[in-house]
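Novice: quick one: sequence and predicted model below, then my questions.
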Amino acid sequence: MGIITTSNFAKDLVPGVKTWFGQKYKEYPIEYLDIFEKTNSTRAFEEEMGVTGFGLAAVKTEGGGVAYDDQEQGFVSRYTHVTYGLGFIITREMYEDGIAVTVALRRANALAFSIRQTKEIIGANVLNRAFNANYTMGSNSDGKELCATDHPNKSGGTWRNELETPADLSEAALEQACIDIAAFTTDRGLKIAIMPQRLIIPTSLEFDAMRILESIGQSGTSNNDINALRASKKFPKGISVNHYLTDADAWFIQTNCPDGLKYMERRADAFGTENDFDTENAKFKATFRGSFGWSDPRGIFGSPGA
């Protein structure tokens, strides 16, 4: 147990020690909310169920009856909430020696920093595992990882939200991804207006992405061709650099698909403190409870890189 005692901070008892470094690093702005829709939950888990919709209308012959269709229950995504927590302890002696308040404030800031980083990493891991077949959304989901070339349709056939041939980030790869996204259909094969919104990349691809999307002319050539991706405003929400992605080659496109990637918050960040009767130590803790995942995989398109 991480008990903070006067021996841990002996220098703080010496007059003239004005600052502690290692506690004052700046942190990046919240990044997971660029990727996940945040919703509240009131249960131990949440399930979101897809619906197939109808097929195309059939010809009605003169005097004949209308063909009737029915909706079918689709795949189910289960969000099982997990509680995360961290804390620290300050002794009664530190309080008596006049350093408890100062240390507690520093540690509270450090604790908030840790909770934020934990949430960012858990969220980013949904993308870090996007091509890993061991990670699905439960036994009643479509049984596939987030990005796959063979997501099943409930009514038969498959579709993909991953490049057919994995490719590194490039103008050609992004154009093909946009073409593939435009081909998305419902489970019954009806075309839907799913469009790219944001390019999500690790830090290693930031400058390549800027050259590809922000150049006036076609990137990396001396041709007089326009930059079609920029001219057509294919990515209206721009580029999102996520500092918690672990694959230097993988990249993703967030779409405007409703009910895509979600963060279900069961309990918001909570900070608490209490004194222990026997030891007279002061305990401080922070917790949160929730889950990250996806309901409709059409909310993202990705490539693991070549």
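Specialist: Done, it's in.

Novice: from here on, contacts and neighbour counts on C-alpha atoms
Specialist: Fine.

Novice: tell me where the stretch 101-250 of the chain has strands.
Specialist: Secondary structure of the stretch 101-250 of the chain (DSSP state E, counting those that start in this stretch): strands at 151-152, 158-159, 196-201, 239-241.

Novice: and the last one, how far out from the chain middle?
Specialist: I take that to be strand 239-241. 13 Å (C-alpha atoms, centre = their mean, to the nearest Å).

Novice: the third one too?
Specialist: In terms of C-alpha atoms, centre = their mean, the centre of strand 196-201 is set 12 Å apart from its chain centre.

Novice: got a list of contacts for it?
Specialist: With contact meaning C-alpha atoms under 8 Å, 6 or more residues apart in numbering, strand 196-201 is reached by 178, 181, 234-242, 245, 250-256.

Novice: give the rounded mean pLDDT of that strand.
Specialist: Average pLDDT, strand 196-201: 98.

Novice: residues in contact with the residue nearest the centre of the chain?
Specialist: With distances taken as C-alpha atoms, centre = their mean, G123 lies nearest the centre of the chain, 4.1 Å away. Counting by C-alpha under 8 Å, 6+ apart, G123 makes contact with Y32, F36, Y263, F292.

Novice: quick one: least confident helix or strand in this structure?
Specialist: The helix or strand of the chain with the lowest confidence, counting by mean pLDDT, DSSP states H and E, is strand 3-4 at a mean of 64.

Novice: that older thread, restricted to strands, list the contacts of G123.
Specialist: Among the contacts of G123, DSSP state E puts Y263, F292 in strands.

Novice: just to revisit the earlier point, any idea how far the residue nearest to the centre of the chain lies from H243?
Specialist: 12 Å (C-alpha to C-alpha, to the nearest Å).

Novice: do V51 as well
Specialist: 35 Å.

Novice: what stretches of this protein score poorly on pLDDT?
Specialist: Within the chain, the stretches with pLDDT under 70 are 1-24, 99-100, 219-224.

Novice: biggest helix in it, by residue count?
Specialist: Under DSSP state H, the helix in the chain containing the largest number of residues is helix 100-128.

Novice: just the helices in this structure please.
Specialist: Ranges of helices in the chain, per DSSP H, are 92-96, 100-128, 171-182, 206-214, 228-231.
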